[in-house]
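1. Here's my sequence, what's the structure:
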Amino acid sequence: MVQTDLAQLTSETAEWRQILRNYRDEFQECKKLLQDNCRESTREQLVEIEHFDNQFHIQLINIHDLKQSIKQHERRVDFEKKGADGVGNETYTQHERLLDAFLVLENRLQQLRGEFRDFINATNC
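-> The predicted model follows:
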(Lines give C-alpha, C1' and ligand atoms only; values in the text may rest on other atoms or scores of the structure.)
Protein backbone atom coordinates (compact mmCIF):
# COMPACT_ATOMS: atom_id res chain seq x y z
CA MET A 1 0.00 0.00 0.00
CA VAL A 2 2.83 2.39 0.81
CA GLN A 3 4.39 1.71 -2.59
CA THR A 4 1.11 2.65 -4.27
CA ASP A 5 1.00 5.87 -2.26
CA LEU A 6 4.57 6.71 -3.24
CA ALA A 7 3.93 5.86 -6.87
CA GLN A 8 0.85 8.08 -6.80
CA LEU A 9 2.78 10.98 -5.25
CA THR A 10 5.46 10.68 -7.91
CA SER A 11 2.94 10.36 -10.72
CA GLU A 12 0.93 13.36 -9.54
CA THR A 13 3.91 15.65 -9.18
CA ALA A 14 5.23 14.65 -12.61
CA GLU A 15 1.82 15.44 -14.11
CA TRP A 16 1.65 18.82 -12.36
CA ARG A 17 5.10 19.78 -13.62
CA GLN A 18 4.21 18.79 -17.19
CA ILE A 19 1.01 20.84 -17.08
CA LEU A 20 2.95 23.81 -15.73
CA ARG A 21 5.58 23.42 -18.49
CA ASN A 22 2.79 23.49 -21.05
CA TYR A 23 1.35 26.69 -19.57
CA ARG A 24 4.84 28.21 -19.46
CA ASP A 25 5.38 27.49 -23.15
CA GLU A 26 1.92 28.77 -24.07
CA PHE A 27 2.30 32.02 -22.13
CA GLN A 28 5.76 32.67 -23.55
CA GLU A 29 4.18 32.35 -27.00
CA CYS A 30 1.40 34.73 -25.96
CA LYS A 31 3.96 37.32 -24.84
CA LYS A 32 5.74 36.95 -28.17
CA LEU A 33 2.43 37.35 -30.01
CA LEU A 34 1.78 40.59 -28.14
CA GLN A 35 5.21 41.95 -29.00
CA ASP A 36 5.15 40.90 -32.65
CA ASN A 37 1.55 41.43 -33.74
CA CYS A 38 0.17 44.26 -31.63
CA ARG A 39 2.43 47.11 -32.66
CA GLU A 40 -0.22 49.22 -34.38
CA SER A 41 -2.83 49.34 -31.66
CA THR A 42 -5.08 52.03 -30.27
CA ARG A 43 -4.27 53.69 -26.98
CA GLU A 44 -7.03 51.69 -25.29
CA GLN A 45 -5.67 48.45 -26.72
CA LEU A 46 -2.16 49.36 -25.56
CA VAL A 47 -3.44 49.52 -21.98
CA GLU A 48 -4.88 46.01 -22.33
CA ILE A 49 -1.72 44.79 -24.05
CA GLU A 50 0.35 46.07 -21.15
CA HIS A 51 -2.06 44.40 -18.72
CA PHE A 52 -1.71 41.04 -20.46
CA ASP A 53 2.06 41.38 -20.77
CA ASN A 54 2.27 42.08 -17.02
CA GLN A 55 -0.06 39.20 -16.20
CA PHE A 56 1.91 36.77 -18.34
CA HIS A 57 5.11 37.90 -16.63
CA ILE A 58 3.60 37.47 -13.16
CA GLN A 59 2.10 34.09 -13.97
CA LEU A 60 5.34 32.85 -15.51
CA ILE A 61 7.03 33.68 -12.20
CA ASN A 62 4.25 31.89 -10.31
CA ILE A 63 4.64 28.85 -12.57
CA HIS A 64 8.40 28.82 -11.97
CA ASP A 65 8.00 29.14 -8.20
CA LEU A 66 5.44 26.35 -7.97
CA LYS A 67 7.54 24.08 -10.19
CA GLN A 68 10.50 24.66 -7.87
CA SER A 69 8.37 23.81 -4.82
CA ILE A 70 7.18 20.64 -6.52
CA LYS A 71 10.77 19.64 -7.39
CA GLN A 72 11.82 20.22 -3.79
CA HIS A 73 8.90 18.08 -2.63
CA GLU A 74 9.91 15.32 -5.07
CA ARG A 75 13.45 15.36 -3.67
CA ARG A 76 12.06 15.13 -0.14
CA VAL A 77 9.84 12.16 -1.06
CA ASP A 78 12.80 10.44 -2.71
CA PHE A 79 15.01 11.06 0.32
CA GLU A 80 12.41 9.89 2.83
CA LYS A 81 11.45 6.74 0.94
CA LYS A 82 15.08 5.62 1.17
CA GLY A 83 15.08 6.08 4.94
CA ALA A 84 14.08 3.53 7.56
CA ASP A 85 10.92 5.41 8.56
CA GLY A 86 9.62 5.95 5.04
CA VAL A 87 7.65 8.98 3.96
CA GLY A 88 6.33 10.97 6.90
CA ASN A 89 2.91 12.48 7.47
CA GLU A 90 4.29 15.98 7.00
CA THR A 91 5.33 15.06 3.48
CA TYR A 92 1.81 13.87 2.68
CA THR A 93 0.46 17.10 4.17
CA GLN A 94 2.87 19.11 2.02
CA HIS A 95 1.70 17.14 -1.01
CA GLU A 96 -1.88 18.19 -0.30
CA ARG A 97 -0.79 21.82 0.08
CA LEU A 98 0.99 21.64 -3.26
CA LEU A 99 -2.10 20.13 -4.86
CA ASP A 100 -4.18 23.03 -3.53
CA ALA A 101 -1.62 25.57 -4.79
CA PHE A 102 -1.52 23.84 -8.16
CA LEU A 103 -5.31 23.88 -8.52
CA VAL A 104 -5.55 27.55 -7.54
CA LEU A 105 -2.81 28.51 -9.99
CA GLU A 106 -4.27 26.36 -12.77
CA ASN A 107 -7.64 28.07 -12.32
CA ARG A 108 -5.96 31.49 -12.50
CA LEU A 109 -4.04 30.46 -15.63
CA GLN A 110 -7.19 29.20 -17.33
CA GLN A 111 -8.94 32.50 -16.58
CA LEU A 112 -6.03 34.46 -18.03
CA ARG A 113 -5.99 32.22 -21.10
CA GLY A 114 -9.71 32.84 -21.67
CA GLU A 115 -9.42 36.60 -21.19
CA PHE A 116 -6.50 36.74 -23.60
CA ARG A 117 -8.35 34.72 -26.25
CA ASP A 118 -11.32 37.08 -25.93
CA PHE A 119 -8.99 40.07 -26.35
CA ILE A 120 -7.27 38.57 -29.40
CA ASN A 121 -10.61 37.72 -31.00
CA ALA A 122 -11.94 41.24 -30.38
CA THR A 123 -8.89 43.07 -31.76
CA ASN A 124 -6.61 42.96 -34.76
CA CYS A 125 -3.74 41.52 -32.77
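2. Buried ones in the helix or strand hosting Asn54, by neighbour count?
-> Secondary structure assignment for Asn54, by DSSP states H and E: helix 43-82. Using 16 or more other C-beta atoms under 10 Å as the test for burial, helix 43-82 gives 45, 48-49, 52, 55-56, 59-60, 62-63, 66-67, 70, 73-74, 76-77, 81. Bear in mind the C-beta positions are built from the backbone N, C-alpha and C, glycine included.
3. Do you know the pLDDT at the residue in the chain sticking out farthest from the centre?
-> Centroid-distance maximum for the chain: Ala84 at 33.6 Å, with C-alpha atoms, centre = their mean. Note on Ala84: pLDDT of 72.
4. That one: what secondary structure?
-> Secondary structure state of Ala84, per DSSP: H, G, I helix; E, B strand; the rest coil, is coil.
5. check contacts around it.
-> With contact set as C-beta atoms under 8 Å, 6 or more residues apart in numbering, Ala84 has no partners.
6. tell me the phi and psi of it?
-> phi -70, psi -30 (degrees, to the nearest 10).
7. Can you tell me the element Thr91 falls in?
-> Using DSSP H and E, Thr91 falls in helix 89-122.
8. Packing partners of that helix?
-> Where contact means 3 or more C-beta pairs under 8 Å, 6 or more residues apart in numbering; DSSP states H and E, helix 89-122 is packed against helix 2-37, helix 43-82.
9. For that helix, the averaged confidence score.
-> On average, helix 89-122 scores 95.
10. just how off-centre is that helix within its chain?
-> Mean C-alpha position of helix 89-122 versus that of the full chain (C-alpha atoms, centre = their mean, to the nearest Å) differs by 6 Å.
11. ok and that helix relative to helix 2-37, angle-wise?
-> 30 degrees (axes from the mean of the first three to the mean of the last three C-alpha atoms, to 10 degrees).
12. Can you check what angle separates helix 89-122 from helix 43-82?
-> Put simply, helix 89-122 runs at 160 degrees to helix 43-82, going by the same axes, to 10 degrees.
13. Start the count at 825 instead of 1 going forward.
-> Okay, using 825 as the starting number, the last item reads as helix 913-946.
14. where's Thr917 relative to Ala831, distance?
-> The gap separating Thr917 from Ala831 is 19 Å, by C-beta to C-beta, to the nearest Å.
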